[in-house]
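In: following is a predicted model, sequence given first.
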Amino acid sequence: MIIQTTESMRPLADEVVRLDKVMRHYTVGEETVRALDGVSFSMRKGSYWAIMGPSGSGKSTMLNILGCLDRPSSGAYWLSGENVAEMDDNALSDHRLRNLGFVFQSFHLIPQLTVSENIEVPMLYLGLSQSERKHKAETLAERVGISHRLRHLPSELSGGQRQRVAVARALANDPAVLLADEPTGNLDSATSVQIMGLFQELYEQGKTVILVTHEPDIAAYAKACIVLKDGVILSITGEGK
Amino acid sequence: MSQIRYFWPFIKLGLSDVWRHKTRSLLTMLGMVFGVGSVIAMLAVGEGASQQALDSIKRLGSENIMVMSVKPTEGEGASTGAERGRLAVYGLLYEDEKRILETVPGVVSTVPARMTRRNARLNERQLEMRVVETIPGWFDVVQRPVLAGRVLNANDMRMRANVCVLTEHGVRRLLAAEEVIGQRIRIASGVFEVIGIVKNETGGTVRAPDSEADAYIPITTGTKLFGEANIRYSAGGMEGEKVELSQIIIKMANIGFVEPGSKAIEAVLARFHKKKDFRIDVPLTLLREAERTKRTYNIVLGAIAGISLLVGGIGIMNIMLASVTERTKEIGIRRAIGARRSRIVVQFLINTCVLSIGGGILGLLLGVSIPLLITFFTDMPTVVQPYSLVLAFCISVGVGIVFGLYPAMRAAALDPIEALRHE
């Protein structure tokens, strides 16, 4: 029975993300908080999505689950054809390493590493050789327009430059999905436009991009939008392409 | 190879981390520095001292047994007033030597010696010397380098020749720059020709059979000239004693015979000596004792070093725990990127090991230089053994792993979501 249901939920070939009745409950004291309460949707390869919602809508929980940092309490989450809900911690780590690229609001670069070394971190865990890492870091830095700063420390860069480094790092493992959490939250509007331009380019190059934001003008860059409220989907607009 | 490729960036990271917090790292390492330094330094000093002791014991010959005459303690009758003016007769006899040679199994040779203190003169110079009346065999058993001339031989014995062999020290004090070999000196009532000079053993912690200013003469000459009684005149009368032999050195065939041999000798002698007027010294036993002492010493040293290493390790663990808190966000980032828990553990273990090995290397330098300084300033021999350097390295790595494990596990156990949110 169970196997049959699982079979029926299997994502289509071009669906890189598929959530099926995903629930995430927390127990706080004696109360059960339903951060996500039965969410289902799917995203096709090469699409560009925004996930919106006010604070407390389950947006952060959604980000954690999409980012394989957390597992659903029930339901299934398929990323690149594998069900994340059934994975243990090591498998989850490996899955993040191979399939996900994170871009955070506050950049989250490692302060004691240079730009080049920051970009190389995922490649290090993937086991690439030093020359491969160096070559790839240079290519990526060029792609995000930061190649003149490779030897600098993050503290020596502006906010926009740091976010470019973060994008380069997120691309270092050729991820199936690029997951950005308020990527412009700490940037001024001019720089925000530049960074959103970068995401647009990546989308045009065929990357799957998911933005998690509460700003409508940032969400407007995406081709489709999911609005969450109180742990359920309020609306889904667009196909993502 | 691929392992090194993977670890190197983390080693580099650990090194740059140590470098960035120079003061903190140095203070953290101090525990290790003193721990490892004291291990090496104390081992070197201890090894030097015990090698010195062992050397001097070994030079006594570990297959030898030495029997000495000792004045019996308060036998029957008071020896104080009643015996004044009389000759005290005690000690080993020529017969004893013969009995030992004939009855104790494993005896290769015996060397009798009679020792007295007498004045030696050359012109206006005078020196109290220990006169050892012995046989040529002495020089086979107590092996010392001959510096000039020759030692006693069988012919000297037969001829009861007035010849003597001096120790280097005695030569320096008595003869000074005078012509050495062939020089005639006066010892008590006899005139002796100096036929040879031997190097002598001085210093050291164990009693050697030779002393600083020795004159060796044939025992036959000694008996002819001085007799067996030794009479000292002092205020209130004279005191005399008659000792046939002061000492017998017995050489056994091999070390295996030494311990049973000493028991047999004890038994043989006890039958003919009513009073306990002899003592048996077995260098081998002394050697064993010295080795036991050394072992005890090492245990004490080990305990002290262990405690300082423990303290050093706890210091490192403390700093690493602080570092884990400080770097919570970095841990979160690495976990989000896809590092497994085990990789976080490895990263922090490497970091701890960089600290502990750094401390170990500084400690090693300290530990090697302290013995050098000790030797330089006090002339005490020290031996830095190569294995202690390897030991220091292993200890450093061990401390790093043992005390790094807990902070590393703490780091790895962090929830990535919480860690990312940490400010």
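Out: Received, thanks. Numbers count the residues shown, from 1 in each chain, chains lettered A, B, ... in the order given.
In: could you list the low-pLDDT ranges of chain A?
Out: Screening chain A residue by residue with the criterion pLDDT under 70, one finds the ranges A:1-9.
In: residue contacts, the most centrally placed residue in it?
Out: When chain A is reduced to its mean C-alpha position, the nearest residue by C-alpha atoms, centre = their mean turns out to be A:Leu179, at 1.4 Å. For A:Leu179, the contacting residues are A:63, A:66-67, A:100-103, A:170, A:210, A:212, by C-beta atoms under 8 Å, 6 or more residues apart in numbering or on different chains. To be clear about C-beta, it is placed using only N, CA and C from the backbone, and glycine gets the same treatment.
In: how about a cut-off of 10 Å?
Out: In this structure, A:Leu179 makes contact with A:17, A:51, A:63, A:66-69, A:96, A:100-104, A:170, A:208-212, B:336, judged by C-beta atoms under 10 Å, 6 or more residues apart in numbering or on different chains.
In: enumerate the residues of chain B near chain A.
Out: Proximity of chain B to chain A is assessed by C-beta under 10 Å from any C-beta of the partner chain, with B:2, B:5-6, B:8-10, B:12-13, B:16-17, B:20, B:327, B:329-330, B:332-344, B:412, B:415-417, B:419-421, B:423 identified as the residues in range.
In: I'd like to know which of those are part of helices.
Out: Using DSSP state H, the members of these that fall within helices are B:2, B:5-6, B:8-10, B:12-13, B:16-17, B:20, B:329-330, B:332-337, B:341-344, B:412, B:416-417, B:419-421.
In: now the helices: where do they sit in the stretch 51-200 of chain B?
Out: Assigned helices in the stretch 51-200 of chain B, in chain order: B:94-103, B:138-141, B:154-159, B:168-170 (criterion: DSSP state H, counting those that start in this stretch).
In: in JSON lines, list those along with mean pLDDT and mean neighbour count.
Out: Formatted as JSON lines, the entries for these read as follows, by pLDDT from 0 to 100; neighbours: other C-beta atoms under 10 Å in any protein chain shown:
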{"stretch": "helix B:94-103", "mean pLDDT": "85", "mean neighbour count": "15"}
{"stretch": "helix B:138-141", "mean pLDDT": "83", "mean neighbour count": "20"}
{"stretch": "helix B:154-159", "mean pLDDT": "88", "mean neighbour count": "14"}
{"stretch": "helix B:168-170", "mean pLDDT": "79", "mean neighbour count": "21"}
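In: could I get these as a markdown table with distance to B:Val67?
Out: Rendered in a markdown table, the data for these read as follows (distance: least, C-beta to C-beta, whole Å):
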| stretch | distance to B:Val67 |
| --- | --- |
| helix B:94-103 | 8 |
| helix B:138-141 | 13 |
| helix B:154-159 | 21 |
| helix B:168-170 | 25 |
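In: the residue of the stretch 1-150 of chain B found nearest chain A: what's its closest spatial neighbour, skipping adjacent residues?
Out: Nearest residue of the stretch 1-150 of chain B to chain A, counting by C-beta to the nearest C-beta: B:Pro9, 5.8 Å away. Nearest in space to B:Pro9, with sequence neighbours left out and distances taken as C-beta to C-beta, 6 or more residues apart in numbering or on different chains, is A:Leu124 at 5.8 Å.
In: which residues in chain A form helices?
Out: Taking DSSP H as the criterion, chain A carries its helices at A:2-9, A:59-66, A:89-99, A:115-126, A:130-144, A:159-171, A:189-204, A:216-219.
In: which strands or helices does the longest one pack on?
Out: The elements that helix A:189-204 packs onto, with contact taken as 3 or more C-beta pairs under 10 Å, 6 or more residues apart in numbering or on different chains; DSSP states H and E, are strand A:48-52, strand A:100-103, helix A:130-144, helix A:159-171, strand A:177-181, strand A:208-212, helix A:216-219.
In: and the pLDDT for B:Leu284?
Out: In this prediction, B:Leu284 carries a pLDDT score of 77.
In: tell me which helix or strand it sits in.
Out: Using DSSP states H and E, the element containing B:Leu284 is helix B:283-326.
In: got the angle between that helix and helix B:2-20?
Out: 80 degrees (axes from the mean of the first three to the mean of the last three C-alpha atoms, to 10 degrees).
In: report all helices and strands that helix B:283-326 contacts.
Out: Contact analysis of helix B:283-326 by 3+ C-beta pairs under 10 Å, 6+ apart lists helix B:22-60, strand B:64-69, helix B:255-272, helix B:341-378, helix B:386-413 as its packing neighbours.
In: the fourth one: which residues count as buried?
Out: Just to be clear, that refers to helix B:341-378. Neighbour-count burial for helix B:341-378, counted by 16 or more other C-beta atoms under 10 Å in any protein chain shown, picks out B:341, B:343-364, B:366-368, B:370-371, B:374-375.
In: run a quick neighbour tally on residue 121.
Out: This is for chain A. Burial measure for A:Val121: 23 neighbouring residues, criterion other C-beta atoms under 10 Å in any protein chain shown.
In: I was thinking of chain B, sorry if that wasn't clear
Out: The criterion is other C-beta under 10 Å. On that basis, B:Arg121 has 14 neighbouring residues.
In: got any ranges where the stretch 101-250 of chain B has weak pLDDT?
Out: Answering for the stretch 101-250 of chain B: the residues below the bar, that is pLDDT under 70, span B:176-179, B:201-211, B:232-239.
In: ok now stretch A:164-178, how far from the chain's centre?
Out: The offset between the C-alpha centroid of stretch A:164-178 and the centroid of the whole chain comes to 9 Å, using C-alpha atoms, centre = their mean, to the nearest Å.
In: again with stretch A:129-137
Out: Counting by C-alpha atoms, centre = their mean, stretch A:129-137 comes out at 24 Å from the chain centroid.
In: please apply the same query to stretch B:370-378.
Out: Using C-alpha atoms, centre = their mean, the mean C-alpha position of stretch B:370-378 is found 17 Å from that of the whole chain.
In: contacts for that stretch, please.
Out: Residues external to stretch B:370-378 that are found in contact with it (C-beta under 10 Å, 6+ apart): B:37-38, B:40-45, B:47-48, B:380-384.
In: could you measure A:Val177 against chain B, distance?
Out: The spacing between A:Val177 and chain B, counted by C-beta to the nearest C-beta, to the nearest Å, is 13 Å.
In: return the residues in contact with the nearest residue to that residue once chain neighbours are set aside.
Out: With C-beta to C-beta, 6+ apart as the criterion, A:Val177 has its nearest non-adjacent residue at 4.8 Å, and that residue is A:Thr208. Going by C-beta under 10 Å, 6+ apart, A:Thr208 touches A:16-17, A:43-49, A:80, A:175-179, A:202, A:240.
In: just the buried members of these?
Out: In these, burial by neighbour count holds for A:16-17, A:43-49, A:80, A:175-179, A:202, A:240, counting by 16+ other C-beta under 10 Å.
In: count of neighbours near B:Gly227?
Out: Tallying neighbours of B:Gly227 according to other C-beta under 10 Å, which is how burial is gauged here, yields 10.
In: ok and the helix holding B:Leu284 relative to helix B:341-378, angle-wise?
Out: Using the same axes, to 10 degrees, the interaxial angle of helix B:283-326 with respect to helix B:341-378 works out to 130 degrees.
In: separation between A:Ala137 and chain B?
Out: Distance from A:Ala137 to chain B, counting by C-beta to the nearest C-beta: 12 Å.
In: that residue touches A:Val115, doesn't it?
Out: Yes. At 8.3 Å, A:Ala137 counts as touching A:Val115 under the criterion of C-beta atoms under 10 Å.
In: now list whatever residues contact both of the two.
Out: Listed as contacting both A:Ala137 and A:Val115 by C-beta under 10 Å, 6+ apart are A:147, A:150, A:168-169.
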